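*Asks:* Build me a model from this:
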Amino acid sequence: MHDKPLSDLTPAERRALLKELLRKKTAPETQAPPALVPDPGARFEPFPPTPIQEAYLLGRRPGFTVSGVGCHAYSECDTGAIDPDRLEAAWNALVARHDMLRAVVTADAVRVLPDVPVYRFARLDLRGRPAADVDATLARIGRELATSFRDPGVWPPFEVRLTRLADDRWRLHVDLDLMTIDAAATLRIVHEWGRLYAGESLPALPALSFRDYRLALRTFEDGPAARQARAYWEPRLATLPGPPDLPLVADPHAAATAPTRRTFRLSPARWAEFRAQAQAHGVTPNAALATAFSAALSAYSHNDAHALTVTLFDRQPLHPDVGQLLGEFTNTLLLEVRGRAGSFAARAQALQAQLTRDLEHTAWSGVHVVRELNRRRGGITSFPVVFTSTLASRAGATPGGWLGEWTAGASQTPQVFLDHQIFEEDGGLRINWDTVDAVFAPGVIEALFAGWSALVDRL
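*Replies:* Next up, the predicted model:
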């Protein structure tokens, strides 16, 4: 499209180039999607796990750094006066509506259960108890759910509790297993839960099921797009850098795995300023934020280049109704970041160019890239630093204000010790860092977060 190097392009030319590359990524001739015909009669038949589900199952086993943990997201919400029975009934309506909230996963198959028991919220009444007892009980519940480790082959893939603090005040605890749904789906769940609680009727779901999509995707994974993507990644395996070489404890395998959440926010005005600065330099907000994250990591990393695991909510356009499905659509890619020299804008432009090229070749997923990398190198290399953003899908818009204030939370993922998560919230920006602090040398993660948040604020 352009003969000039990327650094010589004007911001308008860079944006045009990015749009052209993204258009090519979704063009029918590139994707060559298979025909997908819904099969409602086979809805409850077993189907194969996705590559990311297989990776989660493997990562739960002992022997890896941050192993023996589930992949789940825990959140707490302080509510006002609610009707707990109506809230519970709305949740059960949600479970009846979405197949993947009734799914179980084993090493060889995913199965949607046609019927499940009515799910009852565990309820605890702390009214009138001393404040110290209340605080200790809430902290204990938070620890239990933030480190839960449930069997994905046994329903349910979630836990919901209610703690009553006063006549008109409750604490809601929600832990969702991410083995059957992805992180973007959790936001939709809370949104639909609110509509059902309010007595609204939701539109009927299409006949298409996640099972239909998964079987079609498996054909797609064996097709021309996957072969082209593999041909793109395989020559890069010899030079692909490892993860950021951060200061860790002597034996990170033995470190405790309890997660810690740190949160950074930009007000709507500051977030608008950030987006304007990124646009003026011809980069997306995601590219600018990824560059800031990488720059902060580089300040503490011993290697000059590293690779980040980038999480994608990757719904392939195999059917017009795919967007209405709830399920595990997570894909990953390994984003190579090289060099610490040059201006921030130049590094952001280079990162965006690399990411744009990589996005054309996600049909061979990051899980497959890591498997082949380990096979060739004869060892086990993981990429435990993750960059996750919901900005592109607009999935990060706050859906849960109807309940109250979401005050705390944490997530765990096997073999991940630092997960950088981006959401838009009430017009502003929220970024969570979910970390396994015990893996890091003393003081490192605190200094890393402080330096990174100062950089984002300056940008």
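*Asks:* any chance you could map the strands in the stretch 1-150 of the chain?
*Replies:* 72-79, 103-105, 110-112, 122-125 (DSSP state E, counting those that start in this stretch).
*Asks:* mind listing what's buried in the first one?
*Replies:* Read it as strand 72-79. Judged by neighbour count (16 or more other CB atoms under 10 Å), strand 72-79 contains these buried residues: His72, Ala73, Tyr74, Ser75, Glu76, Cys77, Thr79. Quick note: C-beta positions are derived from backbone N, CA and C, even for glycine.
*Asks:* ok, which pair from these is furthest apart?
*Replies:* His72 and Thr79 (21.6 Å; CB to CB).
*Asks:* picking up where we left off before, can I get the buried residues of strand 72-79 in a markdown table with distance to Arg143?
*Replies:* Converted to a markdown table, those look like this (distance: CB to CB, whole Å):
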| residue | distance to Arg143 |
| --- | --- |
| His72 | 14 |
| Ala73 | 15 |
| Tyr74 | 10 |
| Ser75 | 14 |
| Glu76 | 12 |
| Cys77 | 17 |
| Thr79 | 21 |
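*Asks:* Helices of this protein, start to end?
*Replies:* 11-26, 28-31, 51-59, 84-97, 131-146, 183-197, 210-221, 224-233, 268-280, 285-300, 344-359, 366-377, 444-458 (DSSP state H).
*Asks:* Looking at the ones you listed, which is nearest to Pro117?
*Replies:* From the helices of the chain, taking CB to CB, the stretch that ends up closest is helix 84-97, at 9.5 Å.
*Asks:* hang on, the earlier thing: out of the strands of the stretch 1-150 of the chain, flag the one nearest Phe417.
*Replies:* strand 72-79 (15.8 Å).
*Asks:* Tell me which strands the closest one pairs with, and in which orientation.
*Replies:* strand 169-177 (antiparallel), strand 404-412 (antiparallel) (DSSP bridges).
*Asks:* show me what contacts the closest residue in space to Pro40 that isn't next to it in sequence?
*Replies:* Excluding the flanking residues, the one nearest Pro40 by CB to CB, 6 or more residues apart in numbering is Ala207, at 5.1 Å. Shown in contact with Ala207 (CB atoms under 8 Å, 6 or more residues apart in numbering): Pro38, Pro40, Asp321.
*Asks:* Near the first one, how many other residues are there?
*Replies:* Which is Pro38. 17 (other CB atoms under 10 Å).
*Asks:* ok, it touching Asp212?
*Replies:* Yes. Here Pro38 reaches Asp212: they are 5.2 Å apart, a contact under CB atoms under 8 Å.
*Asks:* Any chance you could list residues touching both of the two?
*Replies:* His319.
*Asks:* For His72, name its beta-bridge partners.
*Replies:* Asp177, Gln412.
*Asks:* what's the pLDDT at it?
*Replies:* Note on His72: pLDDT of 95.
*Asks:* go on, Gly142?
*Replies:* Value for Gly142, per-residue pLDDT: 96.
*Asks:* Distance-wise, check it relative to Leu36.
*Replies:* Distance of Gly142 to Leu36, given as CB to CB, to the nearest Å: 42 Å.
*Asks:* that older thread, what's the most buried one of the strands paired with strand 72-79?
*Replies:* strand 169-177 (a mean of 22; mean count of other CB atoms under 10 Å).
*Asks:* Quick one: work out the angle between it and helix 84-97.
*Replies:* 20 degrees (axes from the mean of the first three to the mean of the last three CA atoms, to 10 degrees).
*Asks:* any idea which residue sits dead centre in this structure?
*Replies:* Centroid check for the chain by CA atoms, centre = their mean gives Ala183 as the closest residue, at 4.7 Å.
*Asks:* That one against Thr390, yeah?
*Replies:* Yes. Using CB under 8 Å, Ala183 makes contact with Thr390 at a distance of 7.4 Å.
*Asks:* what residues are shared contacts of the two?
*Replies:* With CB under 8 Å, 6+ apart, Ala183 and Thr390 have common neighbours Phe313, Gln421.
*Asks:* Among the buried residues of strand 72-79, pick out the one closest to Gly379, please.
*Replies:* Looking across the buried residues of strand 72-79 and measuring by CB to CB, the closest to Gly379 is His72, at 28.2 Å.
*Asks:* From Thr362, how far out is that closest one?
*Replies:* Taking CB to CB, one finds His72 at 24 Å from Thr362.
*Asks:* And His173, by the same measure?
*Replies:* 35 Å.
*Asks:* go on, Val37?
*Replies:* On the measure of CB to CB, Val37 and Thr362 end up 24 Å apart.
*Asks:* Settle it for me: which of those two has more neighbours?
*Replies:* A direct count of neighbours by other CB under 10 Å for Val37 and Thr362 places Thr362 higher, at 21 against 10.
*Asks:* pretty sure that one is in contact with Gln228, am I right?
*Replies:* No. Between Thr362 and Gln228 there is no contact under CB under 8 Å: 11.1 Å.
*Asks:* dump the residue contacts of the closest residue to Val436 other than its chain neighbours.
*Replies:* Once flanking residues are discounted, Val436 sits nearest to Phe417: 4.2 Å by CB to CB, 6+ apart. By CB under 8 Å, 6+ apart, the contact list for Phe417 reads Thr65, Val66, Pro252, Pro384, Val385, Thr435, Val436, Val439, Phe440.
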